[in-house]
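Student: here is the input, now give the coordinates:
(one chain, ligands or ions: 2)
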Amino acid sequence: MDTYPITLHISGKTAVVIGGGSVARRKIQRLLKSGAVVKVVSPDVCREVYELHEQGQLEWQQKLFEPADLDGAFIIMAASGNSEVNELVASAAAPHQLVNIADDPHAGNFHVPASLNRGKLSISVATEGASPILARKVRDEIADHFGHEFTEYMEFLETVRKKTVHELSLSSDLKKYVLEQAASNECRNSEVARQSLLFYLHLLSLVESSAHSV
Ligand SMILES: C[C@@]1(CC(=O)O)C2=NC(=C\c3[nH]c(c(CCC(=O)O)c3CC(=O)O)Cc3[nH]c(c(CC(=O)O)c3CCC(=O)O)/C=C3\N/C(=C\2)[C@@H](CCC(=O)O)[C@]3(C)CC(=O)O)/[C@H]1CCC(=O)O
Ligand SMILES: NC(=O)c1ccc[n+]([C@@H]2O[C@H](COP(=O)([O-])OP(=O)(O)OC[C@H]3O[C@@H](n4cnc5c(N)ncnc54)[C@H](O)[C@@H]3O)[C@@H](O)[C@H]2O)c1
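Tutor: Ligands and ions are numbered 1, 2, ... in the order given. Sure thing, here's the model as predicted:
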């Protein structure tokens, strides 16, 4: 059966990570970048995780895992390096909790793709555990085509969408035209084309406000 890809909003949600080695570190860094409230349960942690704890960026419970550690967790990641402990985590999680088991893609209810962000553009590559290395390689190949200039371009796209969909009352044809123009190669590659489209939107808003004032 196919998996179902989603993008989670986890800012402010509690994430419990079991283990403090290099795999846990990678998961923790990404969870923090997404604004999660991270709790680490592990008798020892690597230097980077210890530093995050010292900086107050996460809570570290220096102990072995117990099922009660999962209370209140929205998302759970088991990277204990011990398959029995990871299995215990998988079975202790409630059905509504998101649980990832680092040594078995099918034991939890999700696995983590190789990903990259360019501002609001997010690209994820997954292989269902068939080859995490291939996932990373494909992600890196895609990254070559989507450089850091996309970060700014995504801001432009968001501005255009906000004005077109939420601020102006355009016909659906005109809406579609503007949104397609914004996503065209021309706007992708040329600042002049972007400024022209924004100016066009500005003119449309002037026309709308003068129509309202009549
Ligand atoms: C994409 C990435 C995201 C991330 O972890 O953030 C990720 N693995 C990455 C790297 C990586 N993983 C491994 C190596 C060492 C080389 C090797 O052995 O192959 C490296 C390379 C490295 O570490 O540099 C080995 C490995 N991985 C898993 C097992 C267990 C098993 O399959 O049984 C073993 C064997 C362990 C062993 O035997 O030692 C399992 C999983 N790894 C997954 C994701 C999930 C499936 C993703 C998918 O296929 O879609 C899944 C199922 C669970 C999960 O969700 O974590 C991340 C890219 C990093 C990046 O972004 O640069
Ligand atoms: N998903 C991936 O990307 C990926 C990549 C490589 C390896 N792995 C798998 O991930 C696991 C972790 O790898 P690692 O290199 O970080 O291992 P590691 O041995 O460096 O770290 C394991 C951590 O878990 C802690 N721990 C051990 N028993 C515990 C318990 N009962 N309760 C709480 N914490 C406990 C240890 O103190 C340590 O901090 C391994 O099972 C490995 O097969 C996954």
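Student: would you mind listing where the chain has pLDDT under the threshold?
Tutor: 214 (pLDDT under 70).
Student: flag every residue of the protein that's near ligand 1.
Tutor: Applying CB under 6 Å from any ligand atom, we find that the chain lies next to ligand 1 at 26, 100, 102-105, 111-114, 126-130, 132-133, 135-136. All C-beta spots, glycine's among them, are computed from the backbone N, C-alpha and C.
Student: now intersect the residues you listed with the helices, please.
Tutor: Arg26, Pro132, Ile133, Ala135, Arg136 (DSSP state H).
Student: PyMOL command for the buried members of the residues of the chain next to ligand 1?
Tutor: Per 16 or more other CB atoms under 10 Å, the buried members of the residues of the chain next to ligand 1 correspond to this PyMOL selection:
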select buried, resi 100+102+105+111+112+113+114+126+127+132+135
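Student: from the residues of the chain next to ligand 1, which are also near ligand 2?
Tutor: Filtering these for proximity to ligand 2 by CB under 6 Å from any ligand atom leaves Ala102, Asp103, Pro132.
Student: of these, which is the nearest to ligand 1?
Tutor: Taking CB to the nearest ligand atom as the measure, ligand 1 lies nearest Pro132 of those, at 3.3 Å.
Student: show me the contacts for that closest one.
Tutor: Shown in contact with Pro132 (CB atoms under 8 Å, 6 or more residues apart in numbering): Ala114.
Student: so which of the residues of the chain next to ligand 1 are in strands?
Tutor: Counting by DSSP state E, the residues of the chain next to ligand 1 place Asn100, Ala114 in strands.
Student: how about the longest helix anywhere in the chain: buried residues?
Tutor: Looking across the chain with DSSP H, the single longest helix is helix 191-213. Neighbour counts over helix 191-213 (16+ other CB under 10 Å) mark Ala193, Arg194, Leu197, Leu198, Leu201, Leu204 as buried.
Student: now swap in stretch 21-35 and tell me
Tutor: Neighbour-count burial for stretch 21-35 [16+ other CB under 10 Å]: Gly21, Val23, Ala24, Arg25, Lys27, Ile28, Leu31, Ser34.
Student: return the subset of those lying in helices.
Tutor: Val23, Ala24, Arg25, Lys27, Ile28, Leu31.
Student: coming back round to it: and the contacts of the longest helix of the chain?
Tutor: By CB under 8 Å, 6+ apart, the list of residues contacting helix 191-213 reads 153, 156, 159-160, 163-164, 167-170, 174, 178, 181-182, 184, 186-187.
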